[in-house]
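**Student:** Any chance you could fold what I've pasted below:
(chains A and B)
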Protein chains: 2
Amino acid sequence: LADSPRVAIDAMGGDNAPGEIVAGAAQAAEDGTHVLLVGRGDEISQALADAGASVGPRLEIVEAPDVIAMDDHDPARAIRTKRGSSIGVASRLVKEGRANAVFSAGSTGAALAGAVLETGRIRGVSRPAIAVVLPFPEAPTVLVDAGANADVRAEHVAGFGLLGSTFARIRLGLDTPRVGLLNVGEEPGKGSELAKAAFTLLQSSGLNFIGNVEGRDIPTDRVDVVVTDGFTGNVALKLLEGFGKFIFEQLMKIFSADEESKAAAKVVMPGLAALASTLSPETHGGAHLLGVKGVCIIGHGSSNAAAVRAAVRVASETVEAGLVGEITEALQGEARGEAG
Amino acid sequence: LADSPRVAIDAMGGDNAPGEIVAGAAQAAEDGTHVLLVGRGDEISQALADAGASVGPRLEIVEAPDVIAMDDHDPARAIRTKRGSSIGVASRLVKEGRANAVFSAGSTGAALAGAVLETGRIRGVSRPAIAVVLPFPEAPTVLVDAGANADVRAEHVAGFGLLGSTFARIRLGLDTPRVGLLNVGEEPGKGSELAKAAFTLLQSSGLNFIGNVEGRDIPTDRVDVVVTDGFTGNVALKLLEGFGKFIFEQLMKIFSADEESKAAAKVVMPGLAALASTLSPETHGGAHLLGVKGVCIIGHGSSNAAAVRAAVRVASETVEAGLVGEITEALQGEARGEAG
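**Tutor:** Residues are numbered from 1 along each chain as shown, chains lettered A, B, ... in the order given. You can find the predicted model right below:
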C-alpha cells in the first residue's frame, strides 16, 4: 500500500466541484488508488457523506482554504499569492513527495501554474506541454501541445516531440512512436517559418520523425504523435470536440425522423453509443501536462464522478509506468546525442 | 449573353485533368455560364469530344501550352517564368477583362500566385486570403484564412475579417455577419500575441465583431465568420475533412456489422447520404481567394465533373452578386472610418 501511486485531487476545481469530484475520488479509492482530496475540509466531508463514503486508509483530506476561480485572469499570480489554494496545495504535495500525481478539473491556467511553480519542471524542459490521447479506435493519436503554450519558438516545438514520443511509448505501448509535425502541406519546406524551423530540429532529434502531417491525417493510422504549437493544438482539440458533438446531433435528427428510423436506430444504437463513448472526453482520462516532476492531469471542466474516476486510474497507471523517469532519461539521452 | 459572367477554367489543373475538368465545364456551359477552357487545345478538344460536347457560343478554348505541376516548389517563380501556363493565362484573362472569374483544381500555390501576380490585388488589400464556406446545415460558417498566408501580422488577420464579412454577406445572404476571432479561450486577453493584437484591431474595425471563438464553436450557430491565420485555418479545414471521413467510415462499420444492422442502415441511408453530401467538399463549391480583382475559386485536387460544375455555378453567382465591388467599397468605407 505504501508504494502504490498517490493521487492528489483538487476537490474544489470544476463545474461540478466538490460533489462529483469527491464522489469520483471515493470510487477511485475503492478501485485501490490512494487519493488525497485537497480543498475545504468541511465541504469535502459533506460531499463524502453525500456519496456514502468516508475517510479511510486510501482516502485522506488535505486542508486548503482558498480556491482559484475558473476565470481568474492571472492564475500564476493567484498561485503565488493564494498559498492555500486547492490546486496550489495539491501541486505542492507532489513536490514534497506526499503524492505522485495531481488531478484538477479546474482552471487549466491555474493547473499549469501550479505544476510549474509548485511541482516544478524536469531539468532540461523549458516548456511543459499538454498532451491528449485522441481516442480514435484502432488509431489513437497523441496531440501535443494541446494548449499550454500559445506562443512558442521552434526549439519548444521540437521539445514537445520528445515529451509526446515518451508519453506515447507509455500510454499507447509503442516502441518507437511515429512523430509527425502538424503543417499545411506534406512536403518538407512547407508551412510557416515556425514549422519549417521545427521540422529541421525534429529531423535531427533522434525521434522516429516521419515529417509533416496535415489536419486530415490526425484521425488516421499514419501518425502516433502529432506535434504542434499550443495555439494550433488547442484549436484542433476543441474543433474535434465540437464537430463530434455536431455529427452526433445530426445523427440523432436522422434517427428520430419517423417511426421506421426510430426502429432502425434501436438496432445500431449500441454501436453508435460505443463510438460516441470512445470519442468522449469523459472516458479518455484528461489532458496530461508533460515535463513537470510528477504526473499532472487536467480534466474537462464538466468532469463528473465517472470522469474523475477514469482520470485517477490513468494517473495511477502513468505513475506506475514511470513517466517522469522516462522523460528524464530521454532528455539525458538527447543531451548525450542519443536517440530519444 | 454578353453580360453573363465569364469563367476562365484551368483545364490542366487537378488530379482528374483535363477529362473531368472539361466535362464539368461543358455541363456548366449547358447551365448557361460562359466558360473559357484554358490549356492545351488538342487535349481539351479531345476531352470535349469524350464528353460529347463541343466548342460553342458559351464555350471557348484559350490556348496555354504550359502546365505548373502540383508539387512545384516555387509556384510564384513558375507563374513569372512560364508565361504560357494554364493557370497564369486563365488569371490574366480576368485582368484583361475577358473573364470575371477563374477556377482551378490545380496547385493552390500556383492559383494564389496567378491571382496575385496576374489578376492583381484590390487596392488596400495587402494579403488576399482563402475563404471557405463550412456547410453545416442550418449554421454555415465562413472560415478565413483557410490557407493562403501561413505567416501573418495582426493587421492581416483583421483584414481577413473585412474580406470574410463581405463574402458572408454575399454567399450566406447575411446583413451583418457575426465575425469571431479563432482563439484558445473566449475571454478578451486570451491567446497568442498575434491573436491578442488582432482582437484589438477587430474591435475597432466597424465589423460586427463578437470577440473570441473556440474550435468547438465553429460547427455551431454562434458565429458566421471565423477569422484566423492561414496556418491554423488550414489545419482546421483539413481536420474537419479528415474527421468527417473517419466518422462516416466508423458508421459504415457499425451499419455492416450484421444483417439486422444492414437492414436498419437502408432506412436511414438517405438521411446519412444527404448529410455526407452536404459536408462533402465536392458539393460546396471550392475555396474562394478574396482580395483580388476577380472571383477566384480553387477546387479540391480531386475535383470531378460535378465538383467543377458546382464551382462554376458558385463563381457565376459570386460575380453576379458583385463580390469585387463590395470588397472595394467596404475597404473605402474602412478608409473613411465607416462600418465595414
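**Student:** how about the strands of the stretch 1-150 of chain A, start to end?
**Tutor:** Ranges of strands in the stretch 1-150 of chain A, per DSSP state E, counting those that start in this stretch, are A:6-10, A:34-39, A:59-63, A:101-104, A:129-134, A:141-144.
**Student:** Any chance you could list what contacts the second one?
**Tutor:** Contacts to strand A:34-39, defined as C-beta atoms under 8 Å, 6 or more residues apart in numbering or on different chains, come from residues A:1, A:4-12, A:17-18, A:21-22, A:25, A:28-29, A:44, A:48, A:58-64, A:67, A:86-87, A:89-90, A:93, A:98-99, A:312. For glycine as for every other residue, the C-beta is placed from the backbone atoms N, C-alpha and C.
**Student:** Relative to A:Ser205, how far out is A:Gly337?
**Tutor:** 11 Å (C-beta to C-beta, to the nearest Å).
**Student:** What residues does the stretch 101-250 of chain A have near chain B?
**Tutor:** A:136-137, A:147, A:150-151, A:182, A:184, A:187, A:189, A:191-193, A:195, A:214-220, A:228, A:230-232, A:234-247, A:250 (C-beta under 8 Å from any C-beta of the partner chain).
**Student:** Kindly recompute the last result at 7 Å.
**Tutor:** A:136, A:147, A:150-151, A:182, A:184, A:187, A:189, A:191-193, A:214-220, A:231-232, A:234-243, A:246-247, A:250 (C-beta under 7 Å from any C-beta of the partner chain).
**Student:** In strands only, show me the residues you listed.
**Tutor:** Among these, the members falling in strands (DSSP state E) are A:Leu182.
**Student:** Which of the residues of the stretch 101-250 of chain A next to chain B are buried? Put it as a ChimeraX command.
**Tutor:** The buried residues among these can be selected in ChimeraX (16 or more other C-beta atoms under 10 Å in any protein chain shown) with this line:
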select /A:136,147,150,182,184,191,192,214,215,216,217,218,219,231,232,234,235,236,237,238,239,240,241,242,243,246,247,250
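**Student:** distance between stretch A:250-266 and the chain's centre?
**Tutor:** Between the centre of stretch A:250-266 and the centre of its chain there are 35 Å (C-alpha atoms, centre = their mean, to the nearest Å).
**Student:** now the end-to-end length of that stretch.
**Tutor:** 16 Å (C-alpha to C-alpha, to the nearest Å).
**Student:** now what about that stretch, what contacts it?
**Tutor:** Stretch A:250-266 is touched from outside by A:Leu272, B:Ala264, B:Val267, B:Val268, B:Gly271, B:Leu272, B:Leu275, with contacts defined as C-beta atoms under 7 Å, 6 or more residues apart in numbering or on different chains.
**Student:** What mean pLDDT does it get?
**Tutor:** Mean per-residue pLDDT for stretch A:250-266: 91.
**Student:** and it, which residues are buried?
**Tutor:** Buried, per 16+ other C-beta under 10 Å, within stretch A:250-266: A:Gln250, A:Leu251, A:Ile254, A:Phe255, A:Ser261, A:Ala264, A:Ala265.
**Student:** picking that back up, quick one, which of the contacts of strand A:34-39 are buried?
**Tutor:** Applying 16+ other C-beta under 10 Å to those flags A:5-12, A:17-18, A:21-22, A:25, A:28-29, A:44, A:48, A:58-62, A:64, A:67, A:86-87, A:89-90, A:93, A:99, A:312 as buried.
**Student:** quick one, what contacts A:Gly164?
**Tutor:** So A:Gly164 contacts A:Ala131, A:Val142, A:Val144, A:Val179, A:Val225, A:Val227 (C-beta under 7 Å, 6+ apart).
**Student:** Out of those, which two sit at the greatest distance?
**Tutor:** Within the contacts of A:Gly164, A:Ala131 and A:Val179 form the most distant pair, 12.1 Å apart (C-beta to C-beta).
**Student:** Name the nearest residue to A:Pro140, ignoring sequence neighbours.
**Tutor:** A:Val133 (5.4 Å; C-beta to C-beta, 6 or more residues apart in numbering or on different chains).
**Student:** Same check on A:Lys293?
**Tutor:** A:Gly120 is the one closest to A:Lys293 (C-beta to C-beta, 6+ apart), at 5.0 Å.
**Student:** Isn't A:Phe136 up against A:Pro219?
**Tutor:** Yes: contact criterion C-beta atoms under 7 Å: A:Phe136 and A:Pro219 qualify, at 5.1 Å.
**Student:** Need the residues touching each of the two.
**Tutor:** By C-beta under 7 Å, 6+ apart, A:Phe136 and A:Pro219 have these common neighbours: B:Phe246.
**Student:** doesn't A:Arg121 make contact with A:Leu331?
**Tutor:** No: using C-beta under 7 Å as the test, A:Leu331 is too far from A:Arg121 to be in contact (10.8 Å).
**Student:** more crowded one of the two?
**Tutor:** Legend: neighbour count by other C-beta atoms under 10 Å in any protein chain shown for A:Leu331 and A:Arg121, higher for A:Leu331 (20 against 15).
**Student:** how about the more buried one, phi and psi?
**Tutor:** phi -70, psi -40 (degrees, to the nearest 10).
**Student:** Would you state the predicted confidence (pLDDT) at it?
**Tutor:** So, for A:Leu331, pLDDT stands at 94.
**Student:** what sits against it?
**Tutor:** Contacts of A:Leu331 (C-beta under 7 Å, 6+ apart): A:Ile122, A:Gly124, A:Val125, A:Leu162.
**Student:** Give me the buried subset of the residues you listed.
**Tutor:** Buried among these by 16+ other C-beta under 10 Å: A:Ile122, A:Val125, A:Leu162.
**Student:** Can you tell me how far the second one is from chain B?
**Tutor:** Counting by C-beta to the nearest C-beta, to the nearest Å, the gap between A:Val125 and chain B amounts to 21 Å.
**Student:** Could I get the contacting residues of the residue nearest to that residue when sequence neighbours are not counted?
**Tutor:** Spatial nearest neighbour of A:Val125, excluding adjacent residues (C-beta to C-beta, 6+ apart): A:Gly291 at 3.7 Å. For A:Gly291, the contacting residues are A:Arg121, A:Ile122, A:Val125, A:Pro128, A:Ala129, A:Leu163, A:Ile327, by C-beta under 7 Å, 6+ apart.
**Student:** quick revisit: check the residue nearest to A:Lys293 and give its pLDDT.
**Tutor:** 97.
**Student:** Tally up the residues packed near it, please.
**Tutor:** A:Gly120 has 17 neighbours, counted by other C-beta under 10 Å.
**Student:** Could you do A:Leu289 as well?
**Tutor:** Around A:Leu289 there are 29 residues (other C-beta under 10 Å).
**Student:** Need phi/psi at it.
**Tutor:** Per degrees, to the nearest 10, the backbone of A:Leu289 is at phi -90, psi 120.
**Student:** which ones are touching it?
**Tutor:** A:Ala111, A:Leu112, A:Ala115, A:Pro128, A:Ile130, A:Ala148, A:Cys296, A:Ile298.
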